[in-house]
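In: Need coordinates for the below:
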Amino acid sequence: MGKRVKNKVILLTGASSGIGYETAVMLARKGHRVYGAARRVDRMEPLREFGVMPLSLDVTD
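Out: Presented below is the predicted three-dimensional model:
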């Protein structure tokens, strides 16, 4: 089997709610450095407690 890379840097869009939010939490708990991106940064503030760094991103702009 190949080597498994630990502590990846991950940019996750749609992290302000739903599957994106829960995925950000799961990946951060596994030790990855996670940047959560969404239009509504305020909705991602609770992710900081898991080590996720919220970023403002609007893919339509």
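In: Please make it C-alpha for all contacts and neighbour counts, starting now.
Out: Fine.
In: Can you tell me the SS state at Val34?
Out: State at Val34, reduced to three classes by DSSP: H, G, I helix; E, B strand; the rest coil: strand.
In: Can you report how many residues neighbour it?
Out: 25 (other C-alpha atoms under 10 Å).
In: looking at it, it is touching Thr23, isn't it?
Out: No: in this structure, Val34 is not within contact of Thr23 by C-alpha atoms under 8 Å, at 9.8 Å.
In: so what's the backbone phi/psi at Ala15?
Out: phi -90, psi 10 (degrees, to the nearest 10).
In: State the distance from it to Phe50.
Out: Ala15 sits 13 Å away from Phe50, going by C-alpha to C-alpha, to the nearest Å.
In: more crowded one of those two?
Out: Ala15 (27 against 15).
In: Identify the residue nearest the more buried one in space, chain neighbours excluded?
Out: Tyr21 (4.3 Å; C-alpha to C-alpha, 6 or more residues apart in numbering).
In: now that neighbour, what's its secondary structure?
Out: helix.
In: so what sits against both of Val34 and Thr23?
Out: The contact sets of Val34 and Thr23 do not overlap (C-alpha atoms under 8 Å, 6 or more residues apart in numbering).
In: so what's the nearest residue to Gly20 once chain neighbours are set aside up against?
Out: Of all residues not flanking Gly20 in the chain, Gly14 sits nearest, at 5.2 Å (C-alpha to C-alpha, 6+ apart). Shown in contact with Gly14 (C-alpha under 8 Å, 6+ apart): 20-21, 36-38.
In: where does Gly14 land on pLDDT?
Out: Note for Gly14: predicted pLDDT of 94.
In: now swap in Gly51 and tell me
Out: For Gly51, pLDDT reads 97.
In: how about the helices in this protein?
Out: Using DSSP state H, the helices found in the chain span residues 18-29.
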